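Trainee: Mind looking at a prediction? Sequence and model below.
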Amino acid sequence: MYKLHYCPGTASLVVHWLLIEMDLPHELFKVDFSINQQKSREYLAINPSGLVPTLIIDDKPMSEFAAICMYLADKHPDSKLAPALDSSNRPQYNQWMFYFSNTIQPIFRFWFYPQDLVEDANLITDTVQQKIESYFERINNEFSDGRTYILGDKISAADFCLTMLMRWSRNMPKPADTWPHLSIFAERMKSLPSFQEVYRREGITDWT
């Protein structure tokens, strides 16, 4: 039984979504950001970064959304959501998972919380927007070869991570699904019953 500490719509969304998609038994523990519960002594004891998600595995906490997704997909190979270690697609899979977590996710934080970097948010907003748009432009170009998913014709955990990041752009001047190939991809991922179910459970109603 996995135990997921989450907050609706945040980086924990993709872990919650995968748990549903993979039909893995789990319990949910909501972290209330409105009262800074993520900074409480109790929560910091399991996640010193004060962030979500935190997944409890055999009584041990694990954090970082991409790391958790990779763990779950490898731990449960019957889900077929990760290429095998000796697969020719594994290097690309690893690359995209790190690209999403190390390149795209961090700059989104500056979009949502520019005051964490500078006092005058206007100084970096345009630059951050351009960066994020350039990342989605690159990914859209990857899909221009007709592939169905980021690795080709087979869905993987990387597609779930990409979809979550695309959702984060929904209120930007140029959302990720503005690009034609990414728009088709997003509709395909949003049609999954597991996507609709995670929305229902987290009470999310936007970007449907």
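Mentor: Sure, I can see it. Small disclaimer: the values here were computed from a predicted structure and weren't measured.

Trainee: and residue 141, how many neighbours?
Mentor: By the measure other Cβ atoms under 10 Å, the count of residues near residue 141 is 12. (Glycine included, C-beta is placed from N, CA and C.)

Trainee: Quick one: name whatever helix or strand follows whichever strand or helix holds it.
Mentor: Assigned by DSSP states H and E, residue 141 belongs to helix 122-142. Once the chain leaves helix 122-142, the next helix or strand it forms, by DSSP H and E, is helix 157-168.

Trainee: That following helix vs helix 122-142, what angle?
Mentor: 140 degrees (axes from the mean of the first three to the mean of the last three Cα atoms, to 10 degrees).

Trainee: and helix 157-168, what does it pack onto?
Mentor: Helix 157-168 sits against helix 12-21, helix 65-75, helix 90-98, helix 105-112, helix 180-190, with contacts defined as 3 or more Cβ pairs under 8 Å, 6 or more residues apart in numbering; DSSP states H and E.

Trainee: highest average neighbour count across these?
Mentor: Ranked by mean neighbour count, the helices and strands packed on helix 157-168 are led by helix 12-21 with a mean of 24 (mean count of other Cβ atoms under 10 Å).

Trainee: so how far is that one off the chain centroid?
Mentor: 9 Å (Cα atoms, centre = their mean, to the nearest Å).

Trainee: I'd like to know which elements it is packed against.
Mentor: strand 2-6, helix 65-75, helix 157-168, helix 193-202.

Trainee: Show residues contacting the second one.
Mentor: For helix 65-75, the surrounding residues in contact (Cβ atoms under 8 Å, 6 or more residues apart in numbering) are 11-12, 14-15, 18-19, 22, 24, 53, 55, 57, 62, 79, 81-82, 97-98, 100-101, 105, 156-157, 160-161, 164.
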